[in-house]
Structure formats: structure tokens, C-alpha cells
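Novice: Structure, please.
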Amino acid sequence: MSISKLDENDIFLKKILDAPLGQVVTVLGENLNCKICIDLIEQNTPKPGTKFERKIVVSTDGLPIIRAIIKFDRNQLPDLVVNELLQKRSLVGTILNRYSILNDKKVISANFDKSGKIFYRVYEIQSHGKILFEIEEEIKLDHLDLIRKKYYL
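Specialist: Below you'll find the predicted structure:
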């Protein structure tokens, strides 16, 4: 199933996909009317050097809704941003907002799995044409549906 088959009536999914960096948890909380958790699962260097991967999970009621892998190269970011990322205390969007770093999202790919239960998206966070982060997302639509039914949404 391709992105072109995205249900025109699924305004909620569109809100998630269109949320600015750092605002996905807010969008989920406002629309699901329940507590949303975001956890930094791990951050490491896949190979010695300057490139890092950060894995996060956004969940509610014990169900993962979004899994993301955020890739970045410390040579492409200001030192203040790198220092905060390496401390693992703040999220990417929070850090960029703190330092007023303008950014936009450039979607590289977006599609559904064969069952239509998972939506995959890869995008870049850019600032002034420079790639700061590459993000791979997996949105579990079946879990979103369970939560919506539980809270009668």
C-alpha cells in the first residue's frame, strides 16, 4: 500500500505526520487524551567516529506507537547541540528549539507495510539546506487504533 492511499479521513494520522519536530508527543497527547511516554532506548556510535544513532519509543498504555532511529553526524552540528545530545537528557526537537535552530522536514520515503498496520517514513531534518538528522520512523497504526477505541475517539 502506498502513501497515496492514505485515508483522506484520517486527520489524526496527518496531524502526526505534519507535526513539527519536537511536537509529536504533544499532538498525540492532545488527540488521544491520555499520557504519552517517550523513552530514549539507546544512543550509540555504530562505528567509531563521528556518526551516532539514537533510538526512541513513543508509547501509551504500554503499547509502542512510534519507534524511531535518529542518525546524526557530530561534525554537522554546533558543539552546544552535540554536547546536549551526548548527555542524552533532551530530545532533538527540544535542543534545536532551545538554540533557535530553524529546521524543516524533508520526507525521503513514506509507505505502509503490506498489512496496512505499520506506516514507515524516512525523513531528514535540515537547516539552511544542511542535513542535521536522518530519522527512520515506524508508526504502529494498529496500536493507535486500539488506543483510540479504548478512549472512545
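Novice: would you list every one of the strands in the protein?
Specialist: Under the criterion DSSP state E, strands of the chain are mapped to 37-44, 51-60, 63-73, 104-112, 118-127, 130-140.
Novice: So which of those is nearest Asp18?
Specialist: strand 104-112 (8.8 Å; C-beta to C-beta). All C-beta atoms are positioned from the backbone trio N, CA, C, and that covers glycine.
Novice: Can I get that closest one in PDB, CA atoms only?
Specialist: Taking Å, rounded to 0.1, in the frame of the first residue of the first chain, the C-alpha atoms of strand 104-112 are listed here in PDB:
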ATOM      1  CA  ASP A 104      12.400  21.800   8.300                       C
ATOM      2  CA  LYS A 105      11.500  18.200   7.400                       C
ATOM      3  CA  LYS A 106      12.200  16.700   4.000                       C
ATOM      4  CA  VAL A 107      10.500  13.400   3.500                       C
ATOM      5  CA  ILE A 108      12.600  10.800   1.700                       C
ATOM      6  CA  SER A 109      10.200   7.900   1.700                       C
ATOM      7  CA  ALA A 110       6.800   7.000   3.200                       C
ATOM      8  CA  ASN A 111       4.800   3.900   2.800                       C
ATOM      9  CA  PHE A 112       2.600   1.300   4.500                       C
END
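Novice: In TSV: the strands of the chain, plus distance to Leu28, mean pLDDT and mean neighbour count.
Specialist: What follows is the strands of the chain, written out as TSV (distance: least, C-beta to C-beta, whole Å; pLDDT from 0 to 100; neighbours: other C-beta atoms under 10 Å):
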stretch	distance to Leu28	mean pLDDT	mean neighbour count
strand 37-44	9	89	12
strand 51-60	7	93	18
strand 63-73	7	95	18
strand 104-112	17	94	14
strand 118-127	14	96	18
strand 130-140	10	96	18
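Novice: Go through stretch 22-41 and flag the buried ones.
Specialist: Gly22, Val24, Val25, Val27, Leu28, Asn31, Leu32, Ile36 (16 or more other C-beta atoms under 10 Å).
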